[in-house]
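Asker: Next input, structure requested:
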Amino acid sequence: MDRKSKSQGYNSAPGNDEEACEQLRLDYCDNDPDNPRNWSKTWRWSIVVLVACLCAEVQLCTIIAAPVSPQILTFFHSNNLLYRTLLVTIWELGEIFAPLVWGPLSELYGRQWILNGASVLFIVFVAGTALSTSIQMLIAFRFLSGLATACIPIGPGIVKDLFRKEQRGRAMSVMSLTSVVGPVVGPIVGSFLGERAGWRWVFWLPTLLSGALGVLILILYRETYKPTILQRKAAALQQDTRTPTHHTAPSPPHRIPTKNAFILLRPLTLIIRFPALALATLHLSLIYGLTYLTMTTIAPVFQDRYFFSEGASGLAFLGLCLGFTLGALLCSLLLDRYITRRRINPSTHASQTPTSTPEQRLPPLLLACLLTSAGMLLFGWSVHYRIYFLVPIVGTAMVGLGLAATSITVQTYVVDSFGVCAVSAISALMVVRNVTAAVVPLAGPPLFRAVGYGWGGTVLAGVGLLVVPVPGVLVRFGGRWRVSGRGGGEANGVGGGGGGG
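Answerer: Numbers count the residues shown, from 1 in each chain. Sure, this is the predicted structure:
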């Protein structure tokens, strides 16, 4: 973002781009080739697609072990049901901690080193899973694999680095879609490979895919994080600060916001100090948890009530996949229009500069929430009355569409709002989201046993409606909360002010 456009943007909350770069006394000039947003469209989209594919492949591993867990226990001569559960859930534990580590570190050392380094670790750990000689060794490598998922929190930050806010919605749709499609496709791939090639190939396939994608990213990906790029420029130009290719800023150099001793605490700091982030996190996490609860119900429902085979029940997840895809497509078409339409609004006074705010992304949240609840109602009551199997699949498609629209909208809103701290903010969101996804599904079996699928679906729909007021609250107060940050200040590099496009 050029310095001349600073006044035309909106205030992003903490650690905005201009604040960080003024402290470096450098900024991009017009058409600067070092600015990732000036790279060719083909190059930028190649990076987005590659990182999105890596995210999808990583998320594929989340539940890929579930269909082959009985086979693994038999191979290692174990009948411990705790191990069967840990084969799946231990990954989630690692993935809960991953954003707290990789997100802040990417704001300290840049995206490139962290993304490539974590990719190498992921390949090693998944290969270790395939080579495991005991059930305990396999579970340990599953935890480490989940911990090495740096691309998940960093991906939205890379989109922010590469695209201006009015171009960001479509790229965020592609990036966010992968995080919800992977866990749905995983059981289908796992059951197919486990049946035909054995359980080790369930882990060898992700190893090979990660290796291929890692090599491509190593070749094509250049650093995109603005403060890191300008830090390198500052080091190279410290003997000649009057070089004509960069602007100099009048402010004296300080310690830049990302260089502090408490960098790993930044996600926690952000979610405590900024109510807008806390509310957005609450909204997404609740919808995410309810969707995961529905997801864990699909296979037993179609096996027990519709008499699908184990393999055929995996195909029932295609409704969710369809919903996710439609949600991503709609968001890619609509999200940026909310921003560009407001910028060219003819009602804007001639003396005023058209502006846009992150809250203008939020209108789809209300419809997405209503659609998710309606899908849960349709799924629950159609299963209760054993209506034709396509009807509950349509219900799951509605749930998937609602989750995709919610996830993409919320993540784009957070990225728009938090400037160079966007990855830390996304990391805070993902930690809460992952905890919810791991805990909420545990309530499913006792709920459905107690009240049945019809009233159980009604309860879930009612819980989903609890977050309906959140978009309105964020639209009304979000801008004020972002700027104030519960008193503002710039401790630990999370102060407010400035423009953060």
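
Asker: in this structure, what spans have low per-residue confidence?
Answerer: 1-30, 81, 85, 238-262, 310-311, 335-355, 482-501 (pLDDT under 70).

Asker: Check which residues of whichever strand or helix holds Pro446 are buried.
Answerer: For Pro446, the host element (DSSP states H and E) is helix 444-464. For helix 444-464, the neighbour count (16 or more other CB atoms under 10 Å) marks 444, 447-448, 453-454, 456-461, 463-464 as buried. (Glycine included, C-beta is placed from N, CA and C.)

Asker: again, but for stretch 203-217
Answerer: 203-207, 209-211, 213-214, 216-217.

Asker: Out of those residues, which is nearest to Gln231?
Answerer: Comparing the buried residues of stretch 203-217 against Gln231 with CB to CB places Ile217 closest, at 21.9 Å.

Asker: got a list of what the nearest residue to that closest one once chain neighbours are set aside touches?
Answerer: Here the nearest residue to Ile217 in space, its sequence neighbours aside, is Leu50; by CB to CB, 6 or more residues apart in numbering that works out to 5.3 Å. Residues in contact with Leu50 (CB atoms under 8 Å, 6 or more residues apart in numbering) are 213, 216-217, 220-221.

Asker: With Leu447 instead?
Answerer: 456, 459-460 are the contacts of Leu447 under CB under 8 Å, 6+ apart.

Asker: let's go with 6 Å and repeat that
Answerer: Residues in contact with Leu447 (CB atoms under 6 Å, 6 or more residues apart in numbering) are Gly456.

Asker: With Phe317 instead?
Answerer: With contact set as CB under 6 Å, 6+ apart, Phe317 has these partners: Val184.

Asker: And Gly472, by the same measure?
Answerer: Contacts of Gly472 (CB under 6 Å, 6+ apart): none.

Asker: Please shift the residue numbers so they start at 28 in all later answers.
Answerer: Taking 28 as the first residue, the last one we looked at is Gly499.

Asker: roughly how far is the helix or strand hosting it from the heart of the chain?
Answerer: According to DSSP H and E, Gly499 maps onto helix 496-511. Between the centre of helix 496-511 and the centre of its chain there are 21 Å (CA atoms, centre = their mean, to the nearest Å).

Asker: now the strands for the stretch 28-177 of the chain?
Answerer: In the stretch 28-177 of the chain, no strands are found when defined by DSSP state E, counting those that start in this stretch.

Asker: Now do the same contact list for the closest residue in space to Phe103 that isn't next to it in sequence.
Answerer: Of all residues not flanking Phe103 in the chain, Ile162 sits nearest, at 4.4 Å (CB to CB, 6+ apart). Applying CB under 6 Å, 6+ apart, we find Ile162 in contact with 103, 105, 110.

Asker: ok, and the most crowded of these?
Answerer: Neighbour counts for those (other CB atoms under 10 Å) peak at Tyr110, which has 18 neighbours.

Asker: what sits against that one?
Answerer: Neighbours of Tyr110 in contact, by CB under 6 Å, 6+ apart: Ile162.

Asker: ok so, going back, for the helix holding Pro473, C-alpha coordinates in CSV please.
Answerer: Extracted C-alpha coordinates of helix 471-491, given in CSV (Å, rounded to 0.1, in the frame of the first residue of the first chain):
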residue,chain,number,x,y,z
GLY,A,471,-23.7,-35.2,20.0
PRO,A,472,-24.2,-38.8,21.1
PRO,A,473,-25.8,-38.1,24.5
LEU,A,474,-28.0,-35.4,23.0
PHE,A,475,-29.4,-37.6,20.3
ARG,A,476,-29.8,-40.5,22.7
ALA,A,477,-31.8,-38.3,25.0
VAL,A,478,-34.2,-36.5,22.7
GLY,A,479,-33.7,-38.1,19.3
TYR,A,480,-32.5,-36.7,16.0
GLY,A,481,-35.5,-34.4,15.4
TRP,A,482,-35.4,-32.5,18.6
GLY,A,483,-31.6,-32.9,18.8
GLY,A,484,-31.4,-31.0,15.5
THR,A,485,-33.8,-28.4,16.8
VAL,A,486,-31.6,-27.9,19.9
LEU,A,487,-28.6,-27.4,17.7
ALA,A,488,-30.4,-25.0,15.4
GLY,A,489,-31.5,-23.0,18.5
VAL,A,490,-27.9,-22.8,19.8
GLY,A,491,-26.7,-21.6,16.4
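
Asker: so what's Thr255 up against?
Answerer: By CB under 6 Å, 6+ apart, Thr255 lies in contact with Gly137.

Asker: looking just at contacts, which helices and strands does the helix or strand harbouring Lys187 meet?
Answerer: For Lys187, the host element (DSSP H and E) is helix 178-189. Here helix 178-189 touches helix 68-87, helix 108-136, helix 138-157, helix 195-224, helix 417-444, helix 449-466, going by 3 or more CB pairs under 6 Å, 6 or more residues apart in numbering; DSSP states H and E.

Asker: Run through the neighbouring helices and strands of the fifth one.
Answerer: It stands for helix 417-444. Packed against helix 417-444 by the contact rule (3+ CB pairs under 6 Å, 6+ apart) you find helix 178-189, helix 195-224, helix 302-331, helix 345-370, helix 390-411, helix 449-466.

Asker: Run the angle between that helix and helix 195-224 for me.
Answerer: 130 degrees (axes from the mean of the first three to the mean of the last three CA atoms, to 10 degrees).

Asker: How about the first one?
Answerer: Helix 68-87 and helix 195-224 are oriented at 40 degrees to each other (the same axes, to 10 degrees).

Asker: buried set for helix 68-87?
Answerer: 71-75, 77-87.
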